[in-house]
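**Student:** test case, fold it:
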Amino acid sequence: MTTFTAVENISRRNVLKLFGAVGGGLALGASGLAWSPMAIAQGAIAQGDTAQGKQAQLNIFIAIGEDNKVYLTCHRSEMGQGIRTGVPQVLADELEAEWDQIVVVQGLADEQYGSQNTDGSRSIRKHYQKMRQMGATARSMLEQAAANQWQVSPTDVYAKAGKIHHKTNGKSLSFGELAIAASALTTPALDSVALKPASKFTHIGKSPTIVDMDDMLNGKAEYGFDVKVAGMVHASITRPPVLGSDVATLDDSAARKVAGVLDVIQIPISKGAPLFQPLGGVAVIATNSWSALQGRKALKITWTDSANSQYDSDTDLAALVKRVGESGTVIRQLGESVSDWSDDNSLSAVYTVPYLTHAMMEPPAAAASVTKDGCEIWASTQTPQSTQKNVAGVLGLKDEQVKVNVTLLGGGFGRKSKPDFSAEAAWLSQKIAKPVKLLWSREDEIQNGYYHAISAQHYQAKLDGNKAPTALLARTGFPSISSTFAEGVDMPSAGELDLGFSDMPFNLSQIQLESVKATAHSRIGWMRSVCNIQHGFGVGSFVDELAVNAGKPCISMWRELLGKPRHEKLENQVVKYGNYGETLEDFPIDIGRYLSVIDAVEKAMAKQPKIQANQGWGFAVHRSFVSYVAVATLVEMDGDKLTVLKSIAAIDAGTVVNPDRVHSQTEGAIIFGLSLAMMGEISYKDGKVEQSNFHNYPLLRIGQSPEIETIIVESDAKPAGVGEPSVPPVAPSLTNAIFAASGKRYRDLPLSKVLKI
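**Tutor:** I've put the predicted structure just below:
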């Protein structure tokens, strides 16, 4: 396949230097992306002279060289999901650029791009329309420039394959020949230019090789760990083992004797809510990373007690289980108010999920250089703008004094959207007046992260004479992510409850959903799929229990509970449903799409060989990040030994830009979900995380991984999320399969506590 000729890591403003701009220019506004027309005009490129000839920028995402190269800016972070390929695909399609003439430009932190937070499965979902408009408007300008040169109407020309063609005489001009003239034209409004029909797409819906593939394979790709800055020193930090504790005594004499160690610096702990501030601790500064690590090992530190020093996660979970068995705060009520029903006409169950951590392959890494003029950061960050703001806050600078270079990310899963590690590097650089490269170890990442919260859920269904559910009562409890940003928070936020709990679309006349209190004792943060992890497990498991109790297949129970195709209105919501930041008009809760992914998996299951003794299929379906995913899992049980044989997943993510990336993300989500369900657990004793590395926080290995089949359900709906939606149904499909194979029901994760994995 064709690959890109070059990949650059430059900001929108630095494109000025790349193109040798001399002033003037053309700029396009982009309503809704927070771009200031005046600021855009000041930063846009009209023309300039370089060794390669004159070049011009048509808008902040698209620039074209006289050599006919097309520079497309990706303003999102690449962490394996393929966004540095997806965004250019959308821009190039409406621009009518050829794939092999494209150069990808990595956008740095810049508010004019709008949000650059690469999380929430929204990179394409939130920017698809604007990227198409950007491409189409630039194309229109090139067409106008050609029409002017030929002295014909713009309706007599058209763009195709990197050229503007005359409709009747066969003449054509390359984009490079027209770029300078196009840049002198009046900018059309974004919504004034017609977009292509889907039938005319040339790049959208295709699967080109990802732009960074060659560099990844030959070792040239630059991740956070690879950054080198002239004159830099290396740092490694021992952070407080308990949230809120501080250094009581420090003996650094042995550390200072380690060859290569330059200094030992105590970092003060931050007061108040954790936010994205440095945790504090002791940093060892050295000429190389090995010396920094060895010096750190030689430190002798005692720590003060804190409010979390006696925290025990087992005790906390037991209390949380008790709490969800009692009345809570009602967040949605449909029909009459209920408390609990008697056991003789109901079915109930409680499900628990422990703390979890991200465990991405590349731990956090950042380099910082602070001078009298400002700070420059190089980081594997999902949120360059948040990094810019938080670093500026720590250093006492203005946002514009902090430049953030975005490297490739060796996985993120939400951890690298918290810029505490960049703030640490910047603080140290300012302290010692040298560039500092800070690398977190695996132990640091596991023991000092932002954790997915511990949780418990209670479900109870009222049953009729045929054991069919007629009403539902459910409660959920977990420490809130909001506790990371404000002290005293002890209830889940509405946005967290929206994630797979308050939006249960069951066709029942009586539904009561409640939340209960839970206090945070660690830094709580979003992780891939966020609260859908526990809610998908709870709901997906309980539906299977209802099906077994009624003597029906799980898929049949799902169809009964969902009812006929419709757009679910979520009536009687106490707090307005957030819908992942989308309107229900654009992204309705569509029961028909639920049923479509169920049908797709059912058909795929029907083609599978007949199961053997001690084998069983499990099923679950879930909507999250406005996508729909159904998962079926086949397992085999040999006593208490679990083997996962097969996973089938069907996803309806609306319009798909790159099918290969959707398949890949779905496969990765299955591996991620199985890892969490089978082995994922962070536990606390005396306020300290007990796990430290992959030996006691393992991930799924090749020998444990099942055969995976993924199905993309075709849809003309607007693009929806891809990276996260396939995770939630994995755990319940697994435990439901175990019940089908063994008759044993497991409601508490991880399974490694009770099974051989």
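**Student:** quick check: closest non-adjacent residue to Lys398.
**Tutor:** Nearest non-adjacent residue to Lys398, counting by Cβ to Cβ, 6 or more residues apart in numbering: Ala392, 6.2 Å away. Backbone N, C-alpha and C define where each C-beta goes, glycine included.
**Student:** which residues touch the most centrally placed residue in the chain?
**Tutor:** Centroid-nearest residue in the chain: Asp119, 3.6 Å away (criterion: Cα atoms, centre = their mean). Going by Cβ atoms under 8 Å, 6 or more residues apart in numbering, Asp119 touches Gln382, Thr383, Gly412, Gly414, Ser417, Trp526.
**Student:** tell me the spacing between it and Ser77.
**Tutor:** 9 Å (Cβ to Cβ, to the nearest Å).
**Student:** give me the common contacts of the two.
**Tutor:** Residues touching both Asp119 and Ser77 (Cβ under 8 Å, 6+ apart): Gln382, Thr383, Gly412.
**Student:** and those as TSV, adding secondary structure, pLDDT and neighbour count?
**Tutor:** Shown next, in TSV, are the shared contacts of Asp119 and Ser77 (DSSP: H, G, I helix; E, B strand; the rest coil; pLDDT from 0 to 100; neighbours: other Cβ atoms under 10 Å):
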residue	secondary structure	pLDDT	neighbour count
Gln382	coil	98	25
Thr383	coil	97	26
Gly412	coil	98	25
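**Student:** export those residues as CSV, with columns for distance to Val261.
**Tutor:** Output for the shared contacts of Asp119 and Ser77, formatted as CSV (distance: Cβ to Cβ, whole Å):
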residue, distance to Val261
Gln382, 32
Thr383, 32
Gly412, 31
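**Student:** helix or strand: which one has the residue nearest to the centre of the chain?
**Tutor:** Under DSSP states H and E, no helix or strand contains Asp119.
**Student:** point out where the stretch 651-757 of the chain drops to low pLDDT.
**Tutor:** The stretch 651-757 of the chain contains no residues with pLDDT under 70.
**Student:** so where do the strands sit in it?
**Tutor:** For the stretch 651-757 of the chain, strands defined by DSSP state E, counting those that start in this stretch occupy the ranges 684-685, 688-689, 707-712.
**Student:** right, and these - which one's nearest Gly500?
**Tutor:** strand 707-712 (20.9 Å; Cβ to Cβ).
**Student:** which of the residues in that closest one are buried?
**Tutor:** By 16 or more other Cβ atoms under 10 Å, the buried positions in strand 707-712 come out as Ile708, Glu709, Thr710, Ile711, Ile712.
**Student:** what's the closest of the residues you listed to Ile598?
**Tutor:** Ile598 lies nearest to Ile711 out of the buried residues of strand 707-712, by Cβ to Cβ, at 11.6 Å.
**Student:** beta partners of the residue lying closest to that closest one once chain neighbours are set aside?
**Tutor:** Spatial nearest neighbour of Ile711, chain neighbours left out: Ala650 (4.1 Å); criterion: Cβ to Cβ, 6+ apart. Taking DSSP bridges, one obtains Ala630, Ile711 as the residues bridged to Ala650.
**Student:** what's the pLDDT at Ala650?
**Tutor:** pLDDT recorded at Ala650 is 99.
**Student:** my guess is it contacts Glu714. True?
**Tutor:** No: if you go by Cβ atoms under 8 Å, Ala650 and Glu714 don't touch, sitting 11.0 Å apart.
**Student:** with neighbour numbers in mind, choose between the two.
**Tutor:** Using other Cβ atoms under 10 Å, the more surrounded residue of Ala650 and Glu714 is Ala650, with 26 against 11.
**Student:** what about the longest helix in the chain?
**Tutor:** helix 123-150 (DSSP state H).
**Student:** mean confidence score for that one?
**Tutor:** Averaging pLDDT along helix 123-150 gives 97.
**Student:** now find how far off-centre it is within its chain.
**Tutor:** Distance, stretch centre to chain centre, for helix 123-150: 28 Å (Cα atoms, centre = their mean, to the nearest Å).
**Student:** could you point out the helix or strand that follows that helix?
**Tutor:** Next element after helix 123-150 (DSSP H and E): strand 157-160.
**Student:** averaged pLDDT, stretch 268-278. What do you get?
**Tutor:** The model assigns stretch 268-278 a mean pLDDT of 95.
**Student:** now the end-to-end length of it.
**Tutor:** Length of stretch 268-278, first residue to last, Cα to Cα, to the nearest Å: 8 Å.
**Student:** cool, and stretch 583-593?
**Tutor:** OK, stretch 583-593 end separation, Cα to Cα: 17 Å.
**Student:** quick one: contacts for the residue lying closest to Gly495 once chain neighbours are set aside?
**Tutor:** The shortest distance from Gly495 to any non-neighbouring residue, by Cβ to Cβ, 6+ apart, is to Gly578 (5.3 Å). For Gly578, the contact set (Cβ under 8 Å, 6+ apart) comprises Ala494, Gly495, Asp498.
**Student:** tell me the mean pLDDT for the strand or helix carrying Val548?
**Tutor:** According to DSSP H and E, Val548 maps onto helix 532-550. For helix 532-550, mean pLDDT rounds to 98.
**Student:** distance from the chain centre to that helix, please.
**Tutor:** For helix 532-550, the distance from its own C-alpha centre to the chain's C-alpha centre is 25 Å (Cα atoms, centre = their mean).
**Student:** what does the helix or strand following that helix contact?
**Tutor:** Per DSSP H and E, the first helix or strand lying C-terminal to helix 532-550 is helix 554-562. Contacts to helix 554-562, defined as Cβ under 8 Å, 6+ apart, come from residues 468-469, 505-508, 543-544, 546-548, 550, 552, 591, 594-595, 598, 602, 618-621, 736.
**Student:** bridging residues for Leu472?
**Tutor:** Note on Leu472: beta-bridge partners by DSSP bridges are Ala461, Ile511.
**Student:** please shift the residue numbers so they start at 550 in all later answers.
**Tutor:** Got it, the first residue is 550 from now on, which makes the last one we talked about Leu1021.
**Student:** what is the neighbour count of it?
**Tutor:** By other Cβ under 10 Å, 23 other residues sit near Leu1021.
**Student:** what's near enough to touch it?
**Tutor:** Neighbouring residues of Leu1021 by Cβ under 8 Å, 6+ apart: Tyr1008, Gln1009, Ala1010, Lys1011, Met1053, Phe1055, Leu1057, Gln1059, Ile1060, Gln1061.
**Student:** helix or strand with the lowest mean pLDDT in this structure?
**Tutor:** Every helix and strand in the chain was compared by mean pLDDT, DSSP states H and E; the lowest is helix 586-592, with a mean of 26.
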